[in-house]
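Asks: got a predicted structure plus its sequence, pasted below:
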Amino acid sequence: MTLNPRFEPSPRTKDIRYAIRDVVVVANKLKKAGHNILHLNIGDPNAYDFDTPEHIKEGAIKGITEGHNGYAPSEGIRVLGEAISTKEQKDGRDIWTDDVLVTAGVTEGLQMLFANLEGKRALIPAPVYPPYTTYAKFYGAVPVEYPGVEELDWQPDIDFIRRTLEKDTKKEIAALCIINPNNPTGAFYPEKTVRELMAIAGEYGLMVISDEIYDLMLYDRDVVKPATHGKDADVPLIILNGISKVYFAPGWRIGYMAFRDNGGLKEFRESILRQARARLCPNFPCQYGYLAALQGPNTFLKEGIDRLRKRRDYSVKRINEMDGLSTRVPEGAFYMFPKIGDGTGDDYGFVMDILHNCHVLFVHGSGFSAEYGKGHFRMVFLPDPDTLKEAFDRIEDYLKKRSRRT
Ligand SMILES: Cc1ncc(COP(=O)(O)O)c(C=O)c1O
């Protein structure tokens, strides 16, 4: 059939890719052919043996039964804004209820932010959660990657950031994005690093976009966030967070954006609120679920983290015992970003090889950054211990056989 040129999709959609879900298409074909695929690819705790805690579910159910089924206010329900403000103030940030915009997850927040950065550049960590690059490009912003240094457990390359800003004589770089703890590397930036990033943003007049979606998911350390006092206070700060990861409810699509600024972001913020009104509102009843989550108790989290820590330690050990694979120890979130050989090879080829021969699904590293993710793959250590063991046994056997053949 000849294509009607009037129905051609717009060129700006051509580059939309989501590596994490793209590989699933291939895996589903193998599944249909009868193979038992082990999924170590998706950052959704609920796809494994983690469930939304009962008190959080009850909050959302109450939202429905108490009749919150119409359109909600565009900025989110007031009681949730208050609870978010309380949480942020506990973390030492001057966030008030009016500074909060409830969104359909952090991802909607990213779309709104990048829509306001058209024609500007934004420093983003690399490798990175793909929507940062996708939406920046989609909305005509330019993502400028700053690498994590693998040898330093994927800490951000501060000198690289400084050099990049030095070269930005036209002052096109408007934002510095920080994701801490990080997806896909599992890196955790300690206080010194966070302070240094804030100081750089202050020095060069940037806004900081701080993605804290994994803020309580830490194994060996305590949470560290850009504050709103001391030197950090002059830096316009946009905080992103939500219910997806820490509270095990990613399908509810609830998150928020919170603004802390001294007036410099006024117009930027108003523009985002206009966008928020145009998209009507975030999910109404699930906001009551997030409210219940923020009110606590949080005991389920300690239990979840203890389980995840064991799975992380086991996964690190198994990966590092295999010839040709190595990994750093992730300190947060539930991802690892192992290196294949010397880290320069074809990561997509490796992931497909493992998928076809071991029926274990990872995501290729170049899906998180063509330059800084190549030669690596991302895996989640969310699966139960038996599944992890089965996956690593299959891969170990296969790699041994493969190396005997060559
Ligand atoms: C760094 C990061 N930010 C945001 C998200 C998505 O958050 P949400 O479900 O709130 O859109 C993810 C999901 O994997 C992520 O890794």
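Replies: Received, thanks.

Asks: any idea of the pLDDT on the residue in the stretch 251-400 of the chain positioned nearest to the ligand?
Replies: Residue nearest to the ligand within the stretch 251-400 of the chain (CB to the nearest ligand atom): G255, separated by 3.9 Å. The C-beta positions use only the backbone N, C-alpha and C, and glycine is treated the same way. In the prediction, the pLDDT value recorded for G255 is 98.

Asks: same check on T228?
Replies: 68.

Asks: what residues are up against A227?
Replies: Residues near A227 by CB atoms under 8 Å, 6 or more residues apart in numbering: 91-93, 233.

Asks: switch the cut-off to 6 Å
Replies: G92 (CB atoms under 6 Å, 6 or more residues apart in numbering).

Asks: which residues does G375 contact?
Replies: Residues near G375 by CB under 6 Å, 6+ apart: 340, 343-345, 347.

Asks: N183 against Y129, yeah?
Replies: Yes: look at N183 against Y129 with CB atoms under 6 Å: they come within range, at 4.7 Å.

Asks: more neighbours: the two, which one.
Replies: The neighbour comparison of N183 against Y129 (other CB atoms under 10 Å) goes to N183, with 27 against 23.

Asks: now do the phi/psi pair for that one.
Replies: phi -110, psi 130 (degrees, to the nearest 10).

Asks: so what does the helix or strand of the chain with the lowest mean pLDDT touch, helix or strand wise?
Replies: In the chain, no helix or strand scores lower on mean pLDDT, DSSP states H and E than helix 19-32, which sits at a mean of 89. Under the contact criterion of 3 or more CB pairs under 6 Å, 6 or more residues apart in numbering; DSSP states H and E, helix 19-32 touches strand 363-364.

Asks: contacting residues around the strand it packs on?
Replies: Contacts of strand 363-364 (CB under 6 Å, 6+ apart): 19-20, 23, 41, 347-348, 351, 377-378.

Asks: same question, stretch 3-21
Replies: Here stretch 3-21 makes contact (CB under 6 Å, 6+ apart) with 130, 134, 137-138, 363, 367.

Asks: re the thing from before, can you say which of the contacts of strand 363-364 are buried?
Replies: Among the contacts of strand 363-364, those classed as buried by 16 or more other CB atoms under 10 Å are 19-20, 23, 41, 347-348, 351, 377-378.

Asks: what does the stretch 51-200 of the chain put close to the ligand?
Replies: 105-107, 129, 179, 183 (CB under 6 Å from any ligand atom).

Asks: now intersect those with the helices, please.
Replies: 105-107 (DSSP state H).

Asks: most neighbours of all these, which one?
Replies: Most surrounded of those: other CB under 10 Å gives V106, at 26 neighbours.

Asks: that one touches G255, doesn't it?
Replies: Yes: assessed by CB under 6 Å, V106 is found in contact with G255 at 4.5 Å.

Asks: common neighbours of the two, please.
Replies: Common neighbours of V106 and G255 (criterion: CB under 6 Å, 6+ apart): G242.

Asks: in this protein, which residue sits nearest the ligand?
Replies: In the chain, no residue comes nearer to the ligand than G105, which is 2.7 Å away by CB to the nearest ligand atom.

Asks: where's K389, which helix or strand?
Replies: Applying DSSP states H and E as the criterion places K389 in helix 385-405.

Asks: list the contacts of that helix.
Replies: Contacts of helix 385-405 (CB under 6 Å, 6+ apart): 38, 40, 318, 322, 357-358, 360.

Asks: let's see 10 Å
Replies: Residues outside helix 385-405 that contact it (CB atoms under 10 Å, 6 or more residues apart in numbering) are 36, 38-40, 48-49, 307, 310-311, 314-315, 317-319, 321-325, 353-354, 357-362, 379-384.

Asks: same check on stretch 307-316?
Replies: So stretch 307-316 is contacted by 40, 45, 48-50, 186, 217-220, 305, 326-331, 333-336, 338, 379-385, 387-389, 391-392 (CB under 10 Å, 6+ apart).

Asks: stretch 264-280 now?
Replies: Residues outside stretch 264-280 that contact it (CB under 10 Å, 6+ apart): 71-76, 99, 101-104, 108-109, 111-113, 115-117, 174-175, 205, 207, 234-238, 257, 259, 261, 263, 282.

Asks: buried ones among the residues you listed?
Replies: Buried residues within the contacts of stretch 264-280, counting neighbours by 16+ other CB under 10 Å: 72-76, 99, 101-104, 108-109, 111-113, 115-117, 174-175, 207, 235-238, 257, 259, 261, 282.

Asks: can you flag which of those belong to helices?
Replies: 108-109, 111-113, 115.

Asks: follow-up on the earlier one: buried residues, the least confident helix or strand of the chain. List them.
Replies: Those would be 19-20, 23-24, 27, for helix 19-32 by 16+ other CB under 10 Å.

Asks: dump that helix to CSV, keeping only the CA atoms.
Replies: Output in CSV follows, covering the C-alpha atoms of helix 19-32 (Å, rounded to 0.1, in the frame of the first residue of the first chain):
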residue,chain,number,x,y,z
ALA,A,19,15.7,0.6,25.1
ILE,A,20,14.2,-0.9,28.3
ARG,A,21,11.0,-1.8,26.6
ASP,A,22,12.4,-2.2,23.0
VAL,A,23,14.3,-5.4,24.0
VAL,A,24,11.1,-6.9,25.4
VAL,A,25,9.7,-7.2,21.8
VAL,A,26,12.4,-9.8,21.0
ALA,A,27,12.0,-11.6,24.3
ASN,A,28,8.2,-11.9,23.8
LYS,A,29,8.8,-13.6,20.5
LEU,A,30,11.0,-16.2,22.2
LYS,A,31,8.3,-16.6,25.0
LYS,A,32,5.7,-17.2,22.3
